[in-house]
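*Asks:* Sequence below, structure please.
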Amino acid sequence: MDDALPADASTALIELRQVRKTYGLGTAVATEVLHGIDLQVAQGEFVALIGPSGSGKSTLLNVIGLLEAMTSGEYLLRGQPVGSLGDAELTRRRGDTLGFVFQFHHLLPAFTALENVLMPELIRRGRIDAADRERGLALLAKVGLAEAAHKRPTQLSGGMQQRVAIARALSHGCPLVLADEPTGNLDTRSADEVFALMRQMNRDEGTAFLIVTHDPRLAARCDRVIELVDGQVKRG
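*Replies:* Residues are numbered from 1 along each chain as shown. The predicted structure is shown next:
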C-alpha cells in the first residue's frame, strides 16, 4: 500500500478540485460539510476512503457518484466537467461510468440473482438481450455464484447477496465502482471474502474501486488510503 502518491491527472477517472458541499445554502442553518476537497482516482486504482463518523465520507461519495450536486468547485469525470450538466446527462454519465455497492445490498427480492445483475442494463437501455444474459451469467460465475443464478435473494446468505451486488455493479462494464461500507453488514469471514472478491475483480477486470470502510485491516490492503477528517482530505 502507498498512501502518499496521488493519481496521475493524465489517467484520472475522477478529479475533484476545491469541491465544497453546503446543505441549507442561503438559510440561517447553512452547514458546509465538504471544505475544498482535492482528490483523484486513477484508472485501475484500488483506494480506501476512511475517516471518523461525520467526517463527510458519504456526502463525498454521493457527490462523486453524481447523486448530489456540489455547491462549488470543479469535478472532472473522465476528463470532462460535470458541474453544469442537466439531470438527463448526469444520469447517462452515471450509468456509463459508475457502479455502486452499498452496505446493504439493495437487491430486489422478487427477482432472481441473474435478474438483479441485469437490472442496471435493463434500466439504462430498456431491454436486455442474449449477450447481456451471457455476461450476467459469466459475472455470477466469477463471483462464485454460477449455481445461484436463478435463486432469489432470500435464498442466499448475506455474503452471497453482496457478491450479487458486486456482479450487478460490474454488469455494464463501468470503469469505477463506488463502494460504501460494502462489508459493514457482514461477519469477519464474509467481509474478508467479499473484499478479496473486489480485489480480484480489480486485478482481473482493471476496474477501479473507491471503498469507504471503517475497517483498518481492509484499508491497509488497498493501494492507497484517502483520509477525510472534518470535511477535509488529511492524507491521500
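*Asks:* use CA for all of it now, contacts and neighbours both
*Replies:* Will do.
*Asks:* How many residues are close by residue 205?
*Replies:* 13 (other Cα atoms under 10 Å).
*Asks:* What of the one 3 residues further on?
*Replies:* Residue 208 is surrounded by 25 other residues when neighbours are defined as other Cα under 10 Å.
*Asks:* Repeat that for residue 151.
*Replies:* Around residue 151 there are 15 other residues, counting by other Cα under 10 Å.
*Asks:* Tell me the secondary structure at the closest residue to residue 229 other than its chain neighbours.
*Replies:* Using Cα to Cα, 6 or more residues apart in numbering and skipping the chain neighbours, the partner closest in space to residue 229 is residue 55 (5.1 Å). At residue 55 the chain is in coil, as set by DSSP: H, G, I helix; E, B strand; the rest coil.
*Asks:* quick one: contacts for residue 55?
*Replies:* If a contact means Cα atoms under 8 Å, 6 or more residues apart in numbering, then residue 55 has 33, 228-232 as its contacts.
*Asks:* can you tell me the helix or strand for residue 73?
*Replies:* Applying DSSP states H and E as the criterion places residue 73 in strand 72-77.
*Asks:* and the residue nearest to residue 229, backbone torsions?
*Replies:* phi -80, psi -10 (degrees, to the nearest 10).
*Asks:* Repeat that for residue 35.
*Replies:* In terms of degrees, to the nearest 10, the main-chain angles of residue 35 are phi -120, psi 80.
*Asks:* so who does it touch?
*Replies:* Contacts of residue 35 by Cα under 8 Å, 6+ apart are 18-21, 231-232.
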